[in-house]
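>>> Sequence first, then the predicted structure, then my questions.
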Amino acid sequence: MTRLSVNINKIATLRNSRGGNNPDVIKVAQDCERFGAQGITVHPRPDERHIRYKDVYELKEVVTTEFNIEGNPSEEKFVRLVLDVKPDQVTLVPDALGALTSNAGWDTIAHRESLSRWADQFKSAGIRVSIFVNADPTMVEGAFHAGADRVELYTEPYAAHYHQDRESAIAPFVEAAKVAHEVGLGLNAGHDLDLHNLAFLKNRIPWLDEVSIGHALICDALYFGLENVIPMYLRQLAQD
């Protein structure tokens, strides 16, 4: 079964835009779980423009499903946060400082030494390590040699081309996923997945462990309501 982890960054963005605590990030995380989400994802950035570091500590106390923290381990503050909180999973993402959103995976060959060091550090604390990569078999193999437990495929290119030619769009992701499966890596996926393209991805990569979805899911919730949207995404993952 592919698990749905809801990224709640956009909830924090809305809260921060007005000040105060509306919407309440902690309550939304609990409600996502109550509505069926099997995980909560946060991606704190150094400027704290959405999820704040304080939020992460508070979420650790209430999240009862899988807790996934994403971020760039080159930031010492991020490493300290993860080691303090000890989430179920840390996803290493090579975000540049000030990046609007994640837009590429790691070059796991060029950065193998650093990734191996971070992976060892987090795994020694009992935290599963996932490395964010493009749909490139070489980068997947590099993540394996760096000591990752999983890779997360950066799916924006798939989503961008899905409506033009979904078979062509999915092809490199299937090949990268096969390599991950063959070397024994767990497999996650995320970025721009939505109600239109999710089921096809899941059907073509049936051994997918987890998808992390935030922006599209929160946008859909504006129309359908959060309580309805999470089961809608779960139904996409359940389609044969």
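Yep, it's here.

>>> immediately after the helix or strand containing residue 82, which helix or strand?
Per DSSP states H and E, residue 82 falls inside helix 76-85. Per DSSP H and E, helix 76-85 leads on to strand 89-92 as the next helix or strand towards the C-terminus.

>>> that older thread, show me what the helix holding residue 82 is packed against.
On a contact count with 3 or more Cβ pairs under 8 Å, 6 or more residues apart in numbering; DSSP states H and E, helix 76-85 meets helix 53-60, strand 66-71, helix 112-124. Using the backbone N, CA and C atoms, a C-beta is placed for each residue, glycine as well.

>>> The spatially most central residue of the chain: what secondary structure?
With distances taken as Cα atoms, centre = their mean, the residue of the chain nearest its centroid is residue 212 (4.1 Å). Three-state assignment for residue 212 (DSSP: H, G, I helix; E, B strand; the rest coil): strand.

>>> in the helix holding residue 82, what counts as buried?
For helix 76-85, the neighbour count (16 or more other Cβ atoms under 10 Å) marks 78-79, 81-82, 85 as buried.

>>> now swap in stretch 104-114 and tell me
So, applying 16+ other Cβ under 10 Å, buried residues of stretch 104-114: 105-108, 111-112.

>>> Farthest-apart pair in these, please.
105 and 112 (13.7 Å; Cβ to Cβ).

>>> Apart from its neighbours in sequence, what residue is nearest the residue nearest to the centre of the chain?
Leaving out its chain neighbours, the residue that sits closest to residue 212 by Cβ to Cβ, 6 or more residues apart in numbering is residue 190, at 3.8 Å.

>>> Residue 30 now?
residue 62 (5.8 Å).

>>> secondary structure element for that neighbour?
Short version, using DSSP H and E: residue 62 is in no helix or strand.

>>> Tell me how many other residues surround it.
Residue 62 is flanked by 13 other residues according to other Cβ atoms under 10 Å.

>>> residues in contact with residue 180?
Contacts for residue 180 were tallied using Cβ atoms under 8 Å, 6 or more residues apart in numbering; they are 140, 144, 150-151, 186-187.

>>> So for the residue of the chain positioned farthest from its centre, what pLDDT did the model give?
Relative to the centre of the chain, the most outlying C-alpha is that of residue 20, 26.8 Å out, by Cα atoms, centre = their mean. With respect to pLDDT, residue 20 has a value of 94.

>>> quick check, it in a strand?
No. Going by three-state DSSP, the assignment for residue 20 is coil, not a strand.

>>> Begin at 46 from now on, thanks
OK, 46 is where the count begins now, so the last one is residue 65.

>>> And it, its phi and psi?
phi 70, psi -150 (degrees, to the nearest 10).

>>> Report how many residues lie close to the closest residue to residue 129 other than its chain neighbours.
Distances taken as Cβ to Cβ, 6+ apart place residue 102 nearest to residue 129, at 7.3 Å, with adjacent residues excluded. When neighbours are defined as other Cβ under 10 Å, residue 102 has 12 of them.

>>> Just confirm residue 102 contacts residue 130, I think it does.
Yes. The pair residue 102 and residue 130 qualifies as a contact (Cβ atoms under 8 Å) at a distance of 6.4 Å.

>>> what stretches of the chain score poorly on pLDDT?
141-148 (pLDDT under 70).

>>> Appreciated, that's everything.
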